[in-house]
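>>> coords below, sequence missing:
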DNA sequence: ATGATAGTTAGCAATATGACTAAGCATCAT
DNA sequence: ATGATGCTTAGTCATATTGCTAACTATCAT
């Protein structure tokens, strides 16, 4: 157990920044050039580039350069590992709750005997 | 749009660290003392404390001190905001895919005319 | 060929992160 | 009352993050 999941770390880290999340939601609407992403955020181009490379390293976006224009788009399935992990945890955490409940019922039962 | 979600940032940031994820899965099994969490990770107590305070700030765990022992436990619903955000994104991203698909079909249709 | 446009690279500054040691404080057991 | 135990605080260190400016490269339009 306790596996290393560098992929998950990259993903969650990428999602932890509000600027990057807003870039993602922007790209969810439609692909965009780097400059298009710079304007609404009010950030300079190099700063946006940094965020894009973090997103790309996490597999959340893909980019292609055509002439001097780089176009960025979301990678639809990229969120799956995060979702999967959250779901796994939820089921484990719920199982724990069920056990607690069972213990509580056992305790009540014993008290009435 | 483009709301600030400090809560989400804290959550994702907390989940981005493998040590913290392993602490969470450890706690999912059963509550534990700080020392119990220190041993398997091989980290010193102050380091574990730091991670615990990050987890607590994100609302992922709750701790109580009884005598000199602090007991840590997961907060079952704490992952919900993350799950909700991921689900929202997925539905938006999928809607975008549907639109792309519609466009592609339109293009094919026009080509055959 | 010149200038404007789009992106990139390099480097800086402030702050945050993640680990540690050393020392302190508050119990608990004897 | 004393020592061991469990946590806490303070302070250090190395590295990473997030923003910037300035200077560079590559393309496109004229």
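Structure received. Fair warning: this is a prediction, and the values are worked out from it, not measured in the lab. Numbers count the residues shown, from 1 in each chain, chains lettered A, B, ... in the order given.
>>> residues from chain A in reach of DNA strand D?
When proximity is defined as CB under 7 Å from any atom of the strand, chain A approaches DNA strand D at A:13, A:16-17, A:19, A:42-44, A:46-47, A:50-51, A:54, A:66-68. Any C-beta I mention is one placed from the backbone N, CA and C, and that applies to glycine too.
>>> which ones among the residues you listed map onto helices?
Per DSSP state H, helices hold the following members of these: A:13, A:19, A:46, A:47, A:50, A:51, A:54.
>>> give the burial count for the nearest residue to residue A:13 once chain neighbours are set aside, as a bare number.
Excluding its sequence neighbours, the residue lying closest to residue A:13 (CB to CB, 6 or more residues apart in numbering or on different chains) is residue B:16, at 4.0 Å. By the criterion of other CB atoms under 10 Å in any protein chain shown, residue B:16 has 18 neighbours.
>>> OK, contacts around residue B:16?
By CB atoms under 8 Å, 6 or more residues apart in numbering or on different chains, the contact list for residue B:16 reads A:9, A:12, A:13, A:16.
>>> same deal with residue A:44?
Listed by CB under 8 Å, 6+ apart, the contact set of residue A:44 reads residue A:38.
>>> excluding covalently adjacent residues, which one is nearest to residue A:73?
Spatial nearest neighbour of residue A:73, excluding adjacent residues (CB to CB, 6+ apart): residue A:31 at 4.0 Å.
>>> if I look at the one you found, how far off is DNA strand D?
Note on residue A:31: its distance to DNA strand D, by CB to the nearest atom of the strand, to the nearest Å, is 17 Å.
>>> now do that residue, the pLDDT please.
On pLDDT, residue A:31 comes in at 92.
>>> which residues touch it?
With CB under 8 Å, 6+ apart, residue A:31 has these contacts: A:71, A:72, A:73.
>>> narrow the residues you listed to those in strands?
Counted as lying in strands by DSSP state E, out of the contacts of residue A:31, are A:71, A:72, A:73.
>>> closest to chain B out of the residues you listed?
Comparing the ones in strands among the contacts of residue A:31 against chain B with CB to the nearest CB picks out residue A:73 as the nearest, at 9.3 Å.
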